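*Asks:* Task: produce atomic coordinates for the following.
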Amino acid sequence: MVVGGGLAGLVAAYELQNQGITAQVLDAADRWGGRVATVDYGQGLRSEYGMHEIWDANPLLEYVKKFAIPMSGPEAAYSSVILDGKYHPYVQDSAEKYFATLFTPAERAGYGRWLKTAEELYDESEAQGLTPRLADIQKSSFAQWVQSFGLSPKTAEFIRLLVECEVATDWANIGAVYGIQQLSIFLRETEQCRHVIGGNQKIIEEFIAALKGPKTLGALVTRIVRTKKADGSTEVVVHYRKDDMMRSVRAEKAVVAVPYHLLHSIQFEPPLTEQQWQAVDSLIPGLYTVVHFIIDARAGEKLLVDGKIPFPVLTRGPLGVVYGFLEKPEASQRELVFTLLIHGDYARSYLEPRDKIRQRLLSELDQLWPGFSGSVKDTHFYGYHPAATPGWGPGRSPLDAPHASLRSENVGLFLAGDYLYSSHADGAVRSGRDAARKIAQELKH
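*Replies:* So this is what the prediction gives:
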């Protein structure tokens, strides 16, 4: 039984099926995919309101290739930025040429020194786990750790822009080791990213088509009871509500692949261990809100720099990450979807009227690109409440003992989700695979 039809749950079910084990999948939503979500506005206009890109090291790419899903060309890890109130578009042929427009030679050297240390620490965490040196660094916030390098304000601000868009909270809220892990895309040879042509939702559609076991939407799981039998095997009874009727289903094992903040809404019998709850309850929420502006395509052409697309643009303020658009408008195209990924405190859109947020965002965009608001035809908001992504505060990281406990079986129960390893899709895929592997080993033993 798999509870949750996002990436982690679908990967777990798919890998179990590959091992000859049929899994039933339940999801409380009215669509599959969780935070992999593409909206279709008609007339060929589509855009993501969940996962935006797939990085080279993300194991999700293996499934994309297996399903033969068409992908875009590679895109650079670094982005355009707003630093000291100035717009720095990244349209150069290389990161080095781009950095030459951002930093003085001394600032570039400082950034290189910090980057080398971050690379060494990241490699150490991958090879050895939480070493004494990393455990000591983990006590500090990421902000404190970066500031200890004595970098120029501009260089420190650049690093802050890089990390805050990944963790969706203030850099002072997260632990140093976790921050280093989330910047892995910039370490060693910088990774590249891609997106699915026609929308990332196509990945979910392929998983659903491939799964032969029962799949049920609109099924809200409320209680999971597990029993260990005399022969050492387990029985799991999953209780769920669908169409206002309580139902139940039995299985040998259960994978619970719901967002971490929804674990509290399920009765676990027996309960999760104290250490497991400690690991869950000490996570900090990262907040995202996606905003789509439908704009006149001719206005999009005016946003190009030297004929090149300058997006995304990293900002520290109400706009968050200005994803803009990914492809140049065609001559016959009349409209574009222009995307913002707002993060941190600015993403608390569920606490403020949409019209006020819209007015503030358009005012900010007009400062960057005068007259932008005049091209906007429609606006759509997509928010997550109370948390979009998990985070680890000072003193914590995915490497510590409390978090390792979440990856252990608890009387036939296995947890899966991004929060087991990271804040994003790579962690979801990895956790789904791990759960399936452990279950297959047990059932075939």
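*Asks:* Residue 36 contacts residue 53, correct?
*Replies:* No - in this structure residue 36 lies outside contact range of residue 53 using CB atoms under 8 Å: 11.5 Å. Where you see a C-beta, it was placed from the backbone N, CA and C, and this is true even at glycine.
*Asks:* Which stretches in the stretch 301-445 of the chain count as helices?
*Replies:* Assigned by DSSP state H, counting those that start in this stretch, the helices in the stretch 301-445 of the chain fall at 354-368, 401-406, 425-443.
*Asks:* can you tell which of those is closest to residue 68?
*Replies:* helix 425-443 (18.1 Å; CB to CB).
*Asks:* more crowded one of residue 36 and residue 53?
*Replies:* residue 36 (26 against 19; other CB atoms under 10 Å).
*Asks:* What backbone torsions are found at that one?
*Replies:* phi -100, psi 110 (degrees, to the nearest 10).
*Asks:* and the residue lying closest to residue 229 once chain neighbours are set aside, what helix or strand is that in?
*Replies:* Once flanking residues are discounted, residue 229 sits nearest to residue 235: 6.5 Å by CB to CB, 6 or more residues apart in numbering. Residue 235 is part of strand 234-242, with elements assigned from DSSP states H and E.
*Asks:* sorry, back to before: as JSON lines, the helices of the stretch 301-445 of the chain with mean pLDDT would be great.
*Replies:* Formatted as JSON lines, the helices of the stretch 301-445 of the chain follow (pLDDT from 0 to 100):
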{"stretch": "helix 354-368", "mean pLDDT": "96"}
{"stretch": "helix 401-406", "mean pLDDT": "97"}
{"stretch": "helix 425-443", "mean pLDDT": "97"}
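*Asks:* Among the ones you listed, which comes closest to residue 136?
*Replies:* helix 401-406 (15.8 Å).
*Asks:* Who does the residue nearest to residue 229 form a beta bridge with?
*Replies:* residue 227 (DSSP bridges).
*Asks:* Only the buried residues of the helix or strand where residue 98 lies, if you could.
*Replies:* Assigned by DSSP H and E, residue 98 falls within helix 95-102. Across helix 95-102, burial judged by 16 or more other CB atoms under 10 Å covers 98-99, 102.
*Asks:* cool, stretch 60-71 as well?
*Replies:* Here stretch 60-71 shows 60-61, 63-64, 69 as buried, counting by 16+ other CB under 10 Å.
*Asks:* Could you do stretch 436-445 as well?
*Replies:* 436, 438-440, 442.
*Asks:* quick one: which of these is nearest to residue 290?
*Replies:* Nearest to residue 290 among these, with distances taken as CB to CB, is residue 436, at 30.1 Å.
*Asks:* just checking, that closest one touches residue 10?
*Replies:* No - between residue 436 and residue 10 there is no contact under CB under 8 Å: 10.8 Å.
*Asks:* what's the longest helix in the chain?
*Replies:* helix 105-128 (DSSP state H).
*Asks:* Show me which positions of that one end up buried.
*Replies:* Buried-residue list, helix 105-128, by 16+ other CB under 10 Å: 107, 110-111, 114-115, 118-119, 121-122, 124-125.
*Asks:* right, and residue 259 touches residue 416 too?
*Replies:* No - counting by CB under 8 Å, residue 259 does not reach residue 416; the two are 11.1 Å apart.
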